[in-house]
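J.: With the input below, show me the fold.
(chains A, B, C and D, ligands or ions: 4)
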Amino acid sequence: MNKPASSPSLSPDMARTIYRKAYLINRTDERFRAMLTNGELAVAYYPVRGHEVIAAAAMAALETEDYLVTTYRGLHDALAKGIPSRLLWAEFAGKRTGTCKGKGGPMHITHPETGVMVTTGIVGSGIPIANGLAMSSQIRGENRVAVASFGDGASNIGAFHEALNMASVWKLPVIFLCQNNQYAEHTTLAAGTSVSSIAERAAGYGMPGVSCDGLDPASVYEAMSEAVSRARAGDGPTLLEARTFRLLGHIFGADYSYVPKEDLSAAEERASMAKLRQWISERQVSEAELTQIEQEADAEIEEAVAFALESELPDPDEIRFDIYETEQAA
Amino acid sequence: MNKPASSPSLSPDMARTIYRKAYLINRTDERFRAMLTNGELAVAYYPVRGHEVIAAAAMAALETEDYLVTTYRGLHDALAKGIPSRLLWAEFAGKRTGTCKGKGGPMHITHPETGVMVTTGIVGSGIPIANGLAMSSQIRGENRVAVASFGDGASNIGAFHEALNMASVWKLPVIFLCQNNQYAEHTTLAAGTSVSSIAERAAGYGMPGVSCDGLDPASVYEAMSEAVSRARAGDGPTLLEARTFRLLGHIFGADYSYVPKEDLSAAEERASMAKLRQWISERQVSEAELTQIEQEADAEIEEAVAFALESELPDPDEIRFDIYETEQAA
Amino acid sequence: MSAEKMSFAQALNAALDDAMADDENVIMLGEDVADEQGGGVFKVSKGLSDKYGTKRVRSTPISEQAIIGAAVGAAITGMRPVAEIMLMNFITVAMDQLVNHAAKLRFMSGGQTNVPLVVRTTTGAGVGFGGQHSDMLEAWFAHVPGIKIATASNPADAYGLMRSAIDDEDPTILIENITHYGMTGPAAKPGYRVPLGKAAIVREGGDVTLITYGRGVGDCLKAAGQLADEGIEAEVIDLRTVSPWDEEAVLSSVAKTKRAVIVHEAVRPFGAGAEISSRIHEELFGELAGPVQRVASYPSPVPFAKPLETAFLYSVADIVHAAQQATEKKV
Amino acid sequence: MSAEKMSFAQALNAALDDAMADDENVIMLGEDVADEQGGGVFKVSKGLSDKYGTKRVRSTPISEQAIIGAAVGAAITGMRPVAEIMLMNFITVAMDQLVNHAAKLRFMSGGQTNVPLVVRTTTGAGVGFGGQHSDMLEAWFAHVPGIKIATASNPADAYGLMRSAIDDEDPTILIENITHYGMTGPAAKPGYRVPLGKAAIVREGGDVTLITYGRGVGDCLKAAGQLADEGIEAEVIDLRTVSPWDEEAVLSSVAKTKRAVIVHEAVRPFGAGAEISSRIHEELFGELAGPVQRVASYPSPVPFAKPLETAFLYSVADIVHAAQQATEKKV
Ligand SMILES: Cc1ncc(C[n+]2csc(CCOP(=O)(O)OP(=O)(O)O)c2C)c(N)n1
Ligand SMILES: Cc1ncc(C[n+]2csc(CCOP(=O)(O)OP(=O)(O)O)c2C)c(N)n1
Ligand SMILES: [Mg+2]
Ligand SMILES: [Mg+2]
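T.: Numbers count the residues shown, from 1 in each chain, chains lettered A, B, ... in the order given. Ligands and ions are numbered 1, 2, ... in the order given. From the prediction side, this is the model:
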């Protein structure tokens, strides 16, 4: 298990990109929860607080054509991969203007234009699908890589194992990005998982296992970039663990009193957006630039919220379409 | 991954026991194949040539009350665990006098009296069930251990992974005995499996992974004894790989021209029963004793064959029973 | 258990509690079921690990194959595990253990081992959980000899079915409808049993028989109320157990009313209603006043957006309409 | 493809070969499917990896979830994977990928991604493979909107269904009957297609309609021969596709004969026959001369011992008997 040292080599451009993504995620998550709180929306929502940097930095290391498979807790991944806010918001609100015409909803975001191919609600199931995306790229001789994003708890399910073994045997250009937030619903890592770092599992598949600090943009970006290079070079998959902490309950509204107060406040401190801003500002990104990034993101969110709220619900008749290629009788 | 040194400490008594089991298995397998060849029986059969010592030595380290779950390639395990030959033969022949009244057949041998709880035809599926047997023992405060026997190919399926993780987290008294015969049907270990030794996978579950020489009785017996002690002491599971070579085709009658001739003859040499006999005879087991063991085993087989052939087929009406506790209408 | 009213969740909790108190072979396992992990997502197992210990009430990793496998293994040693699969769609990863093992081990072993296993799971459309968290898959299991499947329509039955399923020597899947947990109803007496395989006539009527289970029962009762206003008296049968289902109760009611409507939440094609409809026609051909009607959900994945989810789910109006059709048609 | 006769295995091989030649997006994956691993347990993929390379014809680890998952992922990028699940019972470990993903991704994505996937699998009782290698599970998939399921009764149809399934933009499961591989029949012309969803009338007759698919077709033709000797002319319909099934063909035949018998190898309760029977009754009530009959296997796990396996499987005599009953019954 290699631990890449945090390196200062991240370019100012990349730092800016990462901050923009992380800020957008953070504010979108906050805004969405506010709307759930005040009843403007009523949707099952899995908060991403604590995961902003992982998504921002990891997706910054990808191209738009690269493939992503993510999960119910996937807002951050989807935004970071580039799905336009308005389409995402509209889908979260179940509107016909959403990415999936309102049929999928927040747990099933798809947007092939930005490479977001599948969002699954079944723990671990996206991992074998990411292999298929990578296999397609490999057979076609494309340069695309595929990323499977999943949680620590997902590393205990069979699909994870089968997928990692197959990817290794076939040297698929795929990256297994485990966002280890220490919890699977109410279950701690230790209570459900027989290793303390998911990256340790890579040895069982003859592939590199890397653990990075999910709250440190450089750590994530560099580990991810290395995995991407390896995949593009035809050297096969990487299991990349990004360590963070789930700062909110599993699902919006859920109890999280079981999370030890000390752990939570330590994590909140480490995951503070102000700290991230400070860190970015030390990388030749000016205060003016930061403010502009923030204002643009805020505006994007407000525009998206308005779009989502104003958009129409799908017509009931729409149910007949997209079951098969041919529409079905009413 | 620890490799226990082959130690000469195996007692003459134990050597005798192991030889008796291995000889019985070897001759039963041979006799069975002869009957398939000459048409006296027509059954899907998975030969166990090359696996005799693993079963003999591993099961010698268990008590009758200990649980075993094995697979379609399970004749050796079943005999070594102690199922009376006649009951096994009768089941293989589909007779009402068989272990399972002829309902299960060779792929589904069960005989709780000797601890053989499940024989499955679904690759890997017995492994989680072995956990359940071990869990029962753990909850009841019994001293029983459970053994899951499976192949190298099975280590690539999801059930393996889920079971090993769960066993480790719960410190179950279970032993995962992987009989690595280098092949999964026509697929070599290298073509399907991302590690060269299955024991390497133990690290991903925080449990000891041990690889032993499946053709060396002492190596298997000692590694198994150690795993059994660990389980009985409450120290949890072990992944124990026993290395051998599949000396015949996957299933009786199947092609195995794809197996390299050199590998095959080298393995035949290493797995020779004469060599095993020689090895045992060096452990204070006299020629007279060996001859007696052999004659008794030969007689047991002949008696079992006669019993199986003479026994009646089940009555068609028997289909109504054992679906549920209450019999079903015709 | 002393309260006169009880919610579904409380009834299930009480049933598990009473069963664990009665028999130390009863154990529970599933994701987050122990109290340290919250006592279950719907609090059904709340308090039980505190009371009976985490050896008997075990939170598991996210490993449904291992959960059911462990339960099967324990069951063949004589324990009576109650395994929870959080949502029914997740049962798709554990089908091998249920179908190839739990359902068959008694038979394949020639009766030497049996699998007194209960699998609890929940599901249901209408709450915005979308395509992968809402499916009703009872027809699959009804098609598998060796396993039973049941679902309650009220808290007392939930208690009674749970107790019977735990008593039963064979594997049973109990579906809880996700919309039901908060529903209250008369409390079951401690020790109450609802026999597996026995239906309940929850409303008597002579004009048409409405056959249903689970959530459909409430809807059929509503429909029956509306039909009564039009002078149509519907008999409502709550199957409670979908397999083996109570043919006798259904056939004798339909023999009386000569008209039947089957209602379930699962999609219609190849759903459980098809078997019941076929059996009624097979047995009562010539006595029926019209074909057996089926009311079920629209054959699509469960959609997320509200108008689509509503279009997916059958409605009370659909039941009323089908019953009207059934009673109009004369031969 | 020039031979006039062809075995089932050859027909499937030719279909795969021709499809791979026609479209480089067609790929294959499954256990032992490449030539180095024998070209498939039943030699269906023999020669294909030698011809098209092991990038396109891939032997896999024993990992059915990963097999279907990889196929689903490739399919949504526009490839047309043909995945093999060696025996149908092993599909139980891959149900999540098939049911929650392959069947639903088109819908859940609002039509952005579709899954042009073919899953080949084989099964069938009667060859002594016992409880875990013989199940017919088509009814499960027929109950899942978004996926299709079909099975051929002769080599030419096997060719034609395979080509159509590969062309199709949605996922299809093709069941091969394990007793069929050696069966020979007229060869299909290269490029032949059997449209999904269209039945074939394989024998005409006016007295009773026998509705079946797969192995049942041969058995129904045998039964029809025996019935003809008694003066009963049976029409035999080979559904070919179980879902979506050809209601039009079935209903118009039964409208003519007024009598129907449905035959399938799967166990009767909650089997595919139930849906077909229900639909016939629903649509042709009042026109039928008697109830639709169902002939199917006995509801137990598939037993090993020969006399039990025989007791399990329906027989030609059962079909004849059911047809006699159907034609005797007058209303
Ligand atoms: C197969 C399956 N089992 C159980 C669930 C219920 N479930 C949803 S999220 C979750 C926890 C997942 O934990 P982890 O993988 O760590 O991801 P996180 O939620 O922490 O991001 C569980 C158990 C599910 N969706 N799918
Ligand atoms: C889930 C599943 N997939 C595929 C098969 C078909 N199959 C039977 S044995 C076998 C090979 C197993 O190899 P291994 O685990 O090494 O055991 P061995 O046969 O060598 O003893 C396969 C693929 C099966 N029985 N179950
Ligand atoms: Mg987590
Ligand atoms: Mg092997």
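J.: I'd like the average pLDDT over the helix ranked longest in chain A.
T.: Longest helix of chain A, by residue count under DSSP state H: helix A:12-37. What helix A:12-37 shows for mean pLDDT is 97.
J.: Which helix or strand contains the residue in the stretch 1-150 of chain A positioned nearest to ligand 2?
T.: The minimum distance from the stretch 1-150 of chain A to ligand 2, using Cβ to the nearest ligand atom, falls at residue A:128 (14.7 Å). Where C-beta positions appear, they are placed from N, C-alpha and C, glycine not excepted. Using DSSP states H and E, residue A:128 falls within helix A:126-140.
J.: chain center to that helix: distance?
T.: Remark: helix A:126-140 is offset 18 Å from the chain centroid, using Cα atoms, centre = their mean, to the nearest Å.
J.: I'd like to know which elements the helix or strand that that helix is followed by is packed against.
T.: Following helix A:126-140 in sequence order, the next helix or strand is strand A:146-151 (DSSP H and E). Packing contacts for strand A:146-151, counted by 3 or more Cβ pairs under 8 Å, 6 or more residues apart in numbering or on different chains; DSSP states H and E, involve helix A:52-60, strand A:67-71, helix A:126-140, strand A:174-180.
J.: Dump those to TSV, plus mean pLDDT.
T.: Output for those, formatted as TSV (pLDDT from 0 to 100):
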stretch	mean pLDDT
helix A:52-60	98
strand A:67-71	98
helix A:126-140	98
strand A:174-180	99
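J.: quick one, which of these is nearest to residue D:140?
T.: helix A:126-140 (20.5 Å; Cβ to Cβ).
J.: is any part of that closest one close to chain D?
T.: Yes - using Cβ under 8 Å from any Cβ of the partner chain, helix A:126-140 reaches chain D at A:127-139.
J.: Spell out which parts of chain A neighbour ligand 3.
T.: Contact residues (Cβ under 5 Å from the ion) of chain A with ligand 3: A:151, A:152, A:153, A:181, A:183, A:184.
J.: Provide a list of residues in contact with the third one.
T.: Which is residue A:153. Neighbouring residues of residue A:153 by Cβ atoms under 8 Å, 6 or more residues apart in numbering or on different chains: A:123, A:183, A:184, A:185, A:187, A:192, A:193, C:61, C:62.
J.: Tell me the predicted confidence for it.
T.: Residue A:153 is given a pLDDT of 98.
J.: For residue A:179, see how far away it is.
T.: Noted for residue A:153: a distance of 11 Å to residue A:179, by Cβ to Cβ, to the nearest Å.
J.: Let's verify residue A:253: helix, strand, or coil?
T.: coil (DSSP: H, G, I helix; E, B strand; the rest coil).
J.: about what we covered before: using TSV, lay out the helices and strands packed on strand A:146-151 together with mean neighbour count.
T.: Rendered in TSV, the data for the helices and strands packed on strand A:146-151 read as follows (neighbours: other Cβ atoms under 10 Å in any protein chain shown):
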stretch	mean neighbour count
helix A:52-60	30
strand A:67-71	29
helix A:126-140	29
strand A:174-180	29
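J.: Give me the distance between residue A:214 and residue A:224.
T.: Applying Cβ to Cβ to residue A:214 and residue A:224 gives a distance of 11 Å.
J.: Then residue C:105?
T.: For residue C:105, the distance to residue A:224 - Cβ to Cβ - is 47 Å.
J.: Looking at those two now, which is surrounded by more residues?
T.: Shown here are residue C:105 and residue A:224; by other Cβ atoms under 10 Å in any protein chain shown, residue C:105 has more neighbours (30 against 26).
J.: Contacts only, for that one.
T.: Per Cβ under 8 Å, 6+ apart, neighbours of residue C:105: B:110, B:118, C:72, C:76, C:113, C:114, C:115.
J.: From these, pick the one nearest ligand 2.
T.: residue B:118 (14.2 Å).
J.: and that closest one, what are its phi and psi?
T.: In this entry, residue B:118 is assigned phi and psi values of phi -150, psi 140 (degrees, to the nearest 10).
J.: was I right about it contacting residue C:76?
T.: Yes - when contacts are counted by Cβ atoms under 8 Å, residue B:118 is listed as touching residue C:76 (7.1 Å).
J.: list residues touching both of these two?
T.: B:129, C:105, C:113.
J.: about what we covered before: need the residues of helix A:126-140 next to chain D in CSV with distance to residue D:122, can you?
T.: Below are the residues of helix A:126-140 next to chain D laid out as CSV (distance: Cβ to Cβ, whole Å):
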residue, distance to residue D:122
A:127, 28
A:128, 22
A:129, 25
A:130, 29
A:131, 25
A:132, 23
A:133, 28
A:134, 29
A:135, 24
A:136, 27
A:137, 31
A:138, 29
A:139, 26
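J.: Please enumerate the helices of chain A.
T.: Going by DSSP H, chain A shows helices at A:12-37, A:52-60, A:75-81, A:85-92, A:126-140, A:158-170, A:189-192, A:217-232, A:261-270, A:273-281, A:287-310.
J.: excluding its backbone neighbours, what's nearest the residue nearest the centre of chain A?
T.: In chain A, the C-alpha nearest the mean C-alpha coordinate belongs to residue A:77, at 2.6 Å (Cα atoms, centre = their mean). Among residues not flanking residue A:77 along the chain, residue A:70 sits closest, at 4.1 Å (Cβ to Cβ, 6 or more residues apart in numbering or on different chains).
J.: For the one you found, which residues are in contact?
T.: Contacts for residue A:70 (Cβ under 8 Å, 6+ apart) come out as A:77, A:78, A:109, A:116, A:118, A:119, A:120, A:126, A:149, A:150.
J.: pretty sure residue A:273 is touching residue A:24, no?
T.: No - with contact defined as Cβ under 8 Å, residue A:273 does not reach residue A:24; the gap is 11.5 Å.
J.: Give me the more crowded residue out of those two.
T.: The residue with more neighbours, out of residue A:273 and residue A:24, is residue A:24; 23 against 16, by other Cβ under 10 Å.
J.: ok, the closest residue to that one other than its chain neighbours - how many residues close by?
T.: Of all residues not flanking residue A:24 in the chain, residue A:297 sits nearest, at 4.4 Å (Cβ to Cβ, 6+ apart). Counted with other Cβ under 10 Å, the neighbours of residue A:297 add up to 22.
J.: Wait, residue A:297 touches residue A:27, no?
T.: Yes - with contact defined as Cβ under 8 Å, residue A:297 reaches residue A:27; the gap is 6.0 Å.
J.: ok, back up a step: residue C:203: which of the contacts of residue A:153 is nearest?
T.: For the contacts of residue A:153, the residue nearest residue C:203 by Cβ to Cβ is residue A:185; the value is 40.0 Å.
J.: Enumerate the residues of the stretch 1-150 of chain A near chain D.
T.: Counting by Cβ under 8 Å from any Cβ, the stretch 1-150 of chain A sits next to chain D at A:67, A:69, A:98-104, A:108, A:110-112, A:117-118, A:120, A:122, A:125, A:127-139, A:146.
J.: Quick check: which ranges of the chain have low pLDDT?
T.: Going with chain A. For chain A, applying pLDDT under 70 flags the ranges A:1-8.
J.: you looked at the wrong chain, it should be chain C
T.: C:1-3, C:329-331.
J.: Identify the residue of it closest to ligand 4, quick one.
T.: Nearest to ligand 4, among the residues of chain C, is residue C:96, at 19.5 Å (Cβ to the ion).
J.: would you list the helices of chain A in CSV and tack on distance to residue D:279?
T.: Conversion of the helices of chain A to CSV gives the following (distance: least, Cβ to Cβ, whole Å):
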stretch, distance to residue D:279
helix A:12-37, 44
helix A:52-60, 49
helix A:75-81, 42
helix A:85-92, 36
helix A:126-140, 35
helix A:158-170, 37
helix A:189-192, 47
helix A:217-232, 51
helix A:261-270, 58
helix A:273-281, 60
helix A:287-310, 42
